[in-house]
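Engineer: Sequence and predicted model, in that order:
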Amino acid sequence: MTISGTISTYDIVGIKEDVSNIITNISPTKTPFQSMIGSEGCTNTNPQWQEDSLINPASNAAIEGADAGTAVAQATVMRNNSTQILTKTAKASGTADVVRKYGRDKELSYQLGLRSMELKRDLEFALVGTGQNQVVGSDSVARMFAGYQAQVAASSTVTNTASPLTEANVLTVAQECYVQGAEPNILMVKPSDAPKIALWKSGVAPGGTVARTDRVENSTKKLYNVIDVYVTPFSEEGLKVVINRFQLATTALIFETTMWKKLVLRNWFRETLAKTGDSTNVQIVGEFSLKHRNYAASGLITGLS
């Protein structure tokens, strides 16, 4: 082809591709619940633990010189949960691993990284996102651990009917936890509930509506419209407001982080499966459960819109 005059990019054959060598992945990977509660090991597919509590206060007065009274004790409550196996597989052909690619080197390693992040999200979803009950399992039924929502006492649960989260809901649950002797420090909510909590800064006082926490920093031109910590009458330190993308949308969680543990029977590991051809197949496996040390120590708000 003959070109007359100025040659432009429309005329050039063989321009080098401009493909970014970075692959952008915006899928969320933060898993706040499991990051907060910590973990401990277990040695059985049905881990067990006991709850104890003090006998309720009662009138107590003895006459001088009286014989010792009859010993009274309170039986403990045995709790248990099942472990749950979580797994994903990555597979790449021998050719896919060696050809030069933009944004990554080994295809199998790249895919394993993605599957690992997905498993972490799957575990968070099982812990707080499904409201799942314990399934003991069998040869044909997978075991499942009871999630957060299934390990909270009914007395510490407030049930709505498809209505928004309210300050009254939180105060009711916080008070019940306090009466039971617990000291919750976290209010965990879905993303769309965070703006609702921010609106609590306009409270109702005897003289009408009063602003509680408006804050503007003129020097930095910042306007704050967020509640990071909600202090109730039942806790001096208050409840840290934490947003969780993966929790069950109809619930809000109020808990003390030290009262929950992720139980680990088999921590994450990779297993290269038998080769059946010109590809490599790797399975990632982990087995976990969830332990609430005392079912009355945390709260739950359900039925949220």
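Structural biologist: Arrived safely.

Engineer: Distance check, T45 against V136.
Structural biologist: Distance, T45 to V136, using C-beta to C-beta, to the nearest Å: 9 Å. For glycine as for every other residue, the C-beta is placed from the backbone atoms N, C-alpha and C.

Engineer: mind listing the helices for the stretch 101-250 of the chain?
Structural biologist: Per DSSP state H, counting those that start in this stretch, the stretch 101-250 of the chain carries helices over the ranges 107-124, 167-180, 194-198.

Engineer: tell me the average confidence for the first one?
Structural biologist: Mean pLDDT, helix 107-124: 92.

Engineer: Give me the contact list for it.
Structural biologist: Helix 107-124 has contacts (C-beta atoms under 8 Å, 6 or more residues apart in numbering) with 25, 27-29, 31-34, 86-92, 96-97, 101, 104, 244, 246, 268, 270, 280, 282, 284, 286, 288.

Engineer: from the middle of its chain, how far away would it be?
Structural biologist: 17 Å (C-alpha atoms, centre = their mean, to the nearest Å).

Engineer: Please name the nearest non-neighbouring residue to V173.
Structural biologist: Distances taken as C-beta to C-beta, 6 or more residues apart in numbering put G299 closest to V173, at 3.5 Å, once the chain neighbours are dropped.

Engineer: residues touching the closest residue to V128 other than its chain neighbours, list them.
Structural biologist: Leaving aside its sequence neighbours, V128 sits nearest to Q247 (C-beta to C-beta, 6+ apart; 4.2 Å). Q247 makes contact with 33, 128-129, 188-190, 253, according to C-beta under 8 Å, 6+ apart.

Engineer: In CSV, list these along with neighbour count.
Structural biologist: Output for the contacts of Q247, formatted as CSV (neighbours: other C-beta atoms under 10 Å):
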residue, neighbour count
F33, 25
V128, 23
G129, 23
M188, 22
V189, 23
K190, 19
L253, 24
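
Engineer: how close does K275 get to L112?
Structural biologist: Look at K275 and L112: by C-beta to C-beta, they are 16 Å apart.

Engineer: For those two, indicate the residue with more neighbours.
Structural biologist: Neighbours were counted for K275 and for L112 using other C-beta atoms under 10 Å; L112 has more, 18 against 10.

Engineer: Low-confidence stretches in the stretch 51-200 of the chain?
Structural biologist: Counting by pLDDT under 70, the stretch 51-200 of the chain contains low-confidence residues at 102-103.

Engineer: how does it look with 90?
Structural biologist: Residues of the stretch 51-200 of the chain that meet the criterion pLDDT under 90 lie in 53-57, 69, 74, 94-110, 160-161, 198-200.

Engineer: That one: strands as residue ranges?
Structural biologist: 77-80, 84-93, 157-163, 186-189 (DSSP state E, counting those that start in this stretch).
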